[in-house]
Every structure is written in structure tokens, then in C-alpha cells.
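In: Coordinates for the following, if possible.
(one chain, ligands or ions: 1)
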Amino acid sequence: MSALPPPGTPRARPCPTCGAPQLAAFKPFCSKRCAQVDLHRWLSGAYRIPVVETDTSDADADAADGRREDS
Ligand SMILES: [Zn+2]
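Out: Predicted structure coming up:
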């Protein structure tokens, strides 16, 4: 079973946050967490809002749980 597209697939862009293959449900990110991370980067420079931590029980496919802070 191939849940992830092979590397180098033209249409499969990596998650801008961690570089993992993106999920359609969280485009262009691979998970809700990465989407929030990117969103926080955006807002942290302009606004200040509380992080909405909703249920992420279905986001356990985040194999690349790197905590790197690449900018
Ligand atoms: Zn990601």
C-alpha cells in the first residue's frame, strides 16, 4: 500500500512546514499541526491570538515530527 506519493512526483509538493508529503485535507500542509505552525508564524508577526487546539485524533500520521525551525 502506498499512502505516500513517491519523492520527486511533480504534483506532490512537500509540506512547507516540515517537508513531508502534504495531505489533501490539510493542503498545502501534511497535518493540522503544520498548518497551525505556519499560521502562527504568520500571525505572530502581525496579530496575537490564542492557539486553537481542537481534536487532532486523526492526525497521527505525522511521521516527521521534527521540531526544526527553518525559516
Ligand atoms: Zn508538515
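In: Go ahead and confirm residue 30 touches residue 20.
Out: Yes. Shown here, residue 30 and residue 20 form a contact pair, counting by C-beta atoms under 8 Å, at 4.1 Å. No exception for glycine: its C-beta is placed from N, CA and C like everyone else's.
In: Would you agree residue 37 is in contact with residue 17?
Out: Yes. Taking contacts as C-beta under 8 Å, residue 37 lies within contact range of residue 17: 5.1 Å.
In: Mind checking which of the two has more residues around it?
Out: More crowded of residue 37 and residue 17, by other C-beta atoms under 10 Å: residue 17, with 23 against 19.
In: hang on, that one packs against residue 32?
Out: No. Taking contacts as C-beta under 8 Å, residue 17 lies outside contact range of residue 32: 10.9 Å.
In: of residue 30 and residue 20, who's got more company?
Out: Neighbour comparison, residue 30 and residue 20: the larger count goes to residue 30, with 26 against 19 (by other C-beta under 10 Å).
In: tell me the secondary structure for that one?
Out: At residue 30 the chain is in coil, as set by DSSP: H, G, I helix; E, B strand; the rest coil.
In: In contact with it, which residues are there?
Out: Contact partners of residue 30, counting by C-beta atoms under 8 Å, 6 or more residues apart in numbering, are 14, 15, 17, 18, 20, 21, 22, 23, 62, 64.
In: now residue 29
Out: Taking C-beta under 8 Å, 6+ apart, one finds 15, 16, 17, 22, 23, 35, 38 in contact with residue 29.
In: The same query, at a cut-off of 10 Å, please.
Out: Contact partners of residue 29, counting by C-beta atoms under 10 Å, 6 or more residues apart in numbering, are 14-18, 20, 22-23, 35-39.
In: Take those and keep only those in helices.
Out: Per DSSP state H, helices hold the following members of those: 35, 36, 37, 38, 39.
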